[in-house]
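Engineer: model the following, please.
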Amino acid sequence: MKLGIPLSSPIWGVDTASNITSLHLLLAVFFFSHSQSDMSNFNSPIRLSSSLIKHLKYRVRMGSNPLLPHSRSFTTTEGHRPIIVHKRSLDILHDPWFNKGTSFSFTERDRLDLRGLLPPNVMSTEQQIERFMVDLKRLEEQARDGPSDPNALAKWRILNRLHDRNETMYYKVLIANIEEYAPIVYTPTVGLVCQNYSGLFRRPRGMYFSAEDRGEMMSMVYNWPADQVDMIVVTDGSRILGLGDLGVQGIGIAIGKLDLYVAAAGINPQRVLPVMIDVGTNNEKLLKDPLYLGLQRHRLDGDEYLAVIDEFMEAVFTRWPHVIVQFEDFQSKWAFKLLQRYRNTYRMFNDDVQGTAGVAIAGLLGAVRAQGRPMIDFPKQKIVVAGAGSAGIGVLNATRKTMARMLGNNEHAFQSAGRQFWVVDAKGLITEEREDLDPEAHPFARNVKEIHRQGLREGASLVEVVQQVKPDVLLGLSAVGGLFSKEVLEALRGSTSTRPAIFAMSNPTTNAECTPEEAFSIVGDNVVFASGSPFKDVDLGNGHIGHCNQGNNMYLFPGIGLGTLLSGSRIVSDGMLQAAAECLAAYMTDEEVLKGVIYPSISSIRDITKEVAAAVIKEAIEEDLVEGYREMDSRELRKLSQEEIKEYVQNSMWSPEYPTLVYRKE
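Structural biologist: Numbering: from 1, shown residues only. I've put the predicted structure just below:
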């Protein structure tokens, strides 16, 4: 099309060749009236560069006025655009993505053939939520399947039913009550859900790729209805939390993680995909259970296993080249191998290895601050680590890198940092004398002569190690409930630290190495305590509170995923992960940290995620990894200030508001 304004028109002003303001005015009129047009039809006699057209179109779409001098401005786009649907009547009411229930206006009821199919009273979302919450409180007890069924699982059932019929309202409830319901949709209740998933299964959610689908995955991915997927959480069910091999029932953890991606990071729920890769199970109980929903065969191993994962990765990245894949709860045997195999080729990360490490580092840095010392003193901390699985080794590697960077980031600094750890597994203290030592744990094996001088030996017990080392931090990633026994905690009272820290990080709650009550009563009121699953604070008497910090991965993985998505970075670099951890560590005020509060309240999770995502984007810019996202190309991203990056993140987060639905016949 042509603009139809001659060059002699007064709109151009006196200096036609140089009057760019008039050009902006003309283009503004055009873009505001044709912002949804196909720009390939723009055929102006004035030759404009494609970059100028793209820039002005971007400014209009992001809410900036091209008539005014350039200033960056953002408007919320996620979740507020009208949505074109190709269904009406009962089909809309049965679709959880578009169903609004009694909140459909009369105009929409007429437009979508809903009049008469709903009660006549149009309710606000606030009224809907109030009605649901009243119903939830009334049904909590009634929904239990007998006395052995805990209230938490009953709450999960009720929330899941809401999720099945109305996604927008489900996430509105979840976000508004995140502190109460995060433990229901995620740890610790998700562990119960996974253990009982075959019996709880009512409606399929996500995708299942199995060993039976080899050679078919490239076509299978097109069975998923969404043309755009931003985030996938995938598991093979081999190590669900600390519960072991749960096979296909592990899909529950992928669903729960993605609920938090939506609630915390504002990822659009229509662009997330939980995935289970079923390669069998070695859980004999499930192999004999006639109601088990997965393949009843022993797990694939070796090259056969790798071939399945390779085919899956190629398939999803072929259909959705910009998707981010988070690996979740893979057994240690494969967690590191798969991370190294894919991390430089695909946009992926492993939450157990990298997310847990980041949260732990943030807490460890907070523990240093709680001692009244600067974070730069972190490399002086003596840390005893219980557990050498994927989570434990992931934390060790990341913590050593953090210490080394503070010491100068050279080979000497790296070696020096490694001497701050004493690692104890099921066989005791790991030293260079250990036979058949896991290669991933080898860098942390203690020198034999050195430990002999400390009064220790290969295989020394956890109690002995704590007694001799007198650590600043006792870090548990063992998945062994109660491992920090009374004897271990009493030994920690001999710590050389003015304020020793205990991190009982294993999930779910039953696998925590100790409870906060045990920690404060045995070690003392001044201890800094953190756990992976939620515990209540401890009343220490005399008005004093023993704070129980939940060092949960949900503080980081939503921000890591969102920051990676919005930056357009093709990989998730170590620097981006480190920036996320340091951002979380700095989130707490000095006053809070000195009280022993080293992690923020879950109620602030969306703000925390925004800050973490902004830190990830900033680091990606500094590492020259950004490629942009949608209208925000890499050049525009590099121009943003720190505050503008946060604004960009905030306005890219989806919020659960009912969109306007417009029917169009297919």
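
Engineer: in the one helix or strand Q128 maps to, what counts as buried?
Structural biologist: Using DSSP states H and E, Q128 falls within helix 125-142. Under the neighbour-count criterion of 16 or more other CB atoms under 10 Å, helix 125-142 has T125, Q128, I129, F132, L136 buried. The C-beta positions use only the backbone N, C-alpha and C, and glycine is treated the same way.

Engineer: okay if I get the residues you listed as a markdown table plus distance to D539 and pLDDT?
Structural biologist: Listed next are the buried residues of helix 125-142 as a markdown table, based on distance: CB to CB, whole Å; pLDDT from 0 to 100:
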| residue | distance to D539 | pLDDT |
| --- | --- | --- |
| T125 | 38 | 88 |
| Q128 | 38 | 86 |
| I129 | 33 | 85 |
| F132 | 33 | 83 |
| L136 | 29 | 74 |
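
Engineer: format the residues you listed as TSV; extra columns: distance to A176.
Structural biologist: TSV is the format used below for the buried residues of helix 125-142 (distance: CB to CB, whole Å):
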residue	distance to A176
T125	10
Q128	12
I129	7
F132	11
L136	13
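
Engineer: returning to that earlier point: got the CA coordinates for the helix holding Q128 in CSV?
Structural biologist: Taking only C-alpha atoms (Å, rounded to 0.1, in the frame of the first residue of the first chain), the coordinates of helix 125-142 have been written out as CSV:
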residue,chain,number,x,y,z
THR,A,125,-13.1,-12.9,39.9
GLU,A,126,-12.9,-11.8,43.6
GLN,A,127,-16.4,-13.3,44.2
GLN,A,128,-15.4,-16.5,42.4
ILE,A,129,-12.2,-16.9,44.5
GLU,A,130,-14.1,-16.2,47.7
ARG,A,131,-16.6,-18.9,46.8
PHE,A,132,-13.9,-21.3,46.0
MET,A,133,-12.0,-20.6,49.2
VAL,A,134,-15.1,-21.2,51.4
ASP,A,135,-15.7,-24.4,49.5
LEU,A,136,-12.0,-25.4,49.9
LYS,A,137,-12.1,-25.0,53.7
ARG,A,138,-15.4,-26.9,53.9
LEU,A,139,-14.2,-29.8,51.7
GLU,A,140,-10.6,-30.3,53.1
GLU,A,141,-11.7,-32.9,55.6
GLN,A,142,-14.4,-34.5,53.4
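
Engineer: and the two most separated of the buried residues of helix 125-142?
Structural biologist: By the measure CB to CB, T125 and L136 form the most distant pair in the buried residues of helix 125-142, at 15.8 Å.

Engineer: picking up where we left off before, the next helix or strand after the helix holding Q128: how far from the chain's middle?
Structural biologist: The C-terminal neighbour of helix 125-142 among helices and strands, as given by DSSP H and E, is helix 151-165. Centroid separation between helix 151-165 and its chain, computed with CA atoms, centre = their mean, to the nearest Å, is 21 Å.

Engineer: those helices in the stretch 351-500 of the chain, which residues are they?
Structural biologist: 356-370, 390-406, 411-418, 448-453, 462-469, 486-492 (DSSP state H, counting those that start in this stretch).

Engineer: quickly compare the ones you listed and say which is most buried.
Structural biologist: Burial of the helices of the stretch 351-500 of the chain is given as mean neighbour count (mean count of other CB atoms under 10 Å); helix 356-370 ranks first at a mean of 27.

Engineer: C-alpha coordinates for that helix, CSV please?
Structural biologist: Extracted in CSV, the C-alpha atoms of helix 356-370 (Å, rounded to 0.1, in the frame of the first residue of the first chain):
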residue,chain,number,x,y,z
THR,A,356,20.1,-26.4,44.3
ALA,A,357,23.7,-25.2,44.1
GLY,A,358,22.6,-21.6,43.5
VAL,A,359,20.2,-21.6,46.4
ALA,A,360,22.7,-23.2,48.7
ILE,A,361,25.4,-20.6,47.7
ALA,A,362,22.9,-17.8,48.5
GLY,A,363,22.2,-19.3,51.9
LEU,A,364,25.9,-19.9,52.6
LEU,A,365,26.7,-16.3,51.8
GLY,A,366,23.8,-15.3,54.0
ALA,A,367,25.2,-17.3,56.8
VAL,A,368,28.5,-15.4,56.5
ARG,A,369,26.5,-12.1,56.7
ALA,A,370,24.6,-13.5,59.7
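
Engineer: that one versus helix 390-406: what angle between them?
Structural biologist: 50 degrees (axes from the mean of the first three to the mean of the last three CA atoms, to 10 degrees).

Engineer: now helix 356-370: mean pLDDT?
Structural biologist: Helix 356-370 shows a mean pLDDT of 94.
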